[in-house]
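Colleague: I need the structure of the sequence given here:
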Amino acid sequence: MTGVVDLQKARREASIRRGFRNWRSRFHEDFDGTTRAQDLSDDTLVFLARASEEAAFYLYDLIMNVLHMGSGFEIRELSPADRMAVMDRYLFILDRVRFDVMRRLGWLDRYPGEDLPLVDYVTEYSRMAPGLQARVPDLSPNHPDYGTFCRVSPFEKESVVRKLIPKALEVFSA
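Modeller: Predicted coordinates for the structure are as follows:
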């Protein structure tokens, strides 16, 4: 007698493999359902963080395959509601990727959701995103803008952090 197959788990694993299929060929790394932003190589991380059209494709492809919506090439063929669902997840993941760039530079001590797998950002988006988006990453006390960060309102703290993203990408890419 053979073992029992958990069909839901098998489907999830297949969609994750499809989601990362193009990533493996492009980045030459191993990715799976446990891969977090902090597990990505520096080269992969900065490529995705730059948010070029090509980089967006890889995130769309991951999201759409995991959600069984097709390939990232088909983003424009989705209904407006489905396209918005993909874009919401894309922007959420892009934030985590960019925050990880800043964490690696020592500019952030931590950021909300840093220990969660990329796939969970997709599958658990509706449940986890509101709470994670409501929390501002912790700017490191060693960063020159830390004093400003501490003096501004909670709403403005996010703005202080986001304004650092272009410089972080420039420094990290150097």
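Colleague: Just the endpoints, please. Distance across stretch 146-160?
Modeller: 9 Å (CA to CA, to the nearest Å).
Colleague: gap between it and the chain center?
Modeller: Taking CA atoms, centre = their mean, to the nearest Å, one finds stretch 146-160 lying 23 Å from the centre of the chain it belongs to.
Colleague: quick one, longest helix in the protein?
Modeller: Scanning the chain for the helix with the most residues, using DSSP state H, yields helix 80-104.
Colleague: any idea which helix or strand comes after that one?
Modeller: Using DSSP states H and E, the helix or strand that follows helix 80-104 in sequence is strand 108-110.
Colleague: strand partners of that next one, parallel vs antiparallel please.
Modeller: Paired with strand 108-110 in the same sheet, following DSSP bridges, are strand 138-139 (antiparallel).
Colleague: immediately after the strand it pairs with, which helix or strand?
Modeller: Heading C-terminal from strand 138-139 (DSSP H and E), you reach helix 146-151.
Colleague: For that next one, buried residues please.
Modeller: By neighbour count on 16 or more other CB atoms under 10 Å, the buried set for helix 146-151 is F149. The C-beta positions use only the backbone N, C-alpha and C, and glycine is treated the same way.
Colleague: Repeat that for stretch 120-137.
Modeller: Neighbour count says stretch 120-137 has D120, Y121, V122, T123, Y125, M128, A129, L132, V136, P137 buried, by 16+ other CB under 10 Å.
Colleague: Which of those scores worst on pLDDT?
Modeller: The weakest per-residue confidence within those falls on V136 (92).
Colleague: in terms of contact, does it touch S159 like I think?
Modeller: No. Applying CB atoms under 8 Å as the test, V136 and S159 come out as separate, 9.5 Å apart.
Colleague: Good, wrapping up.
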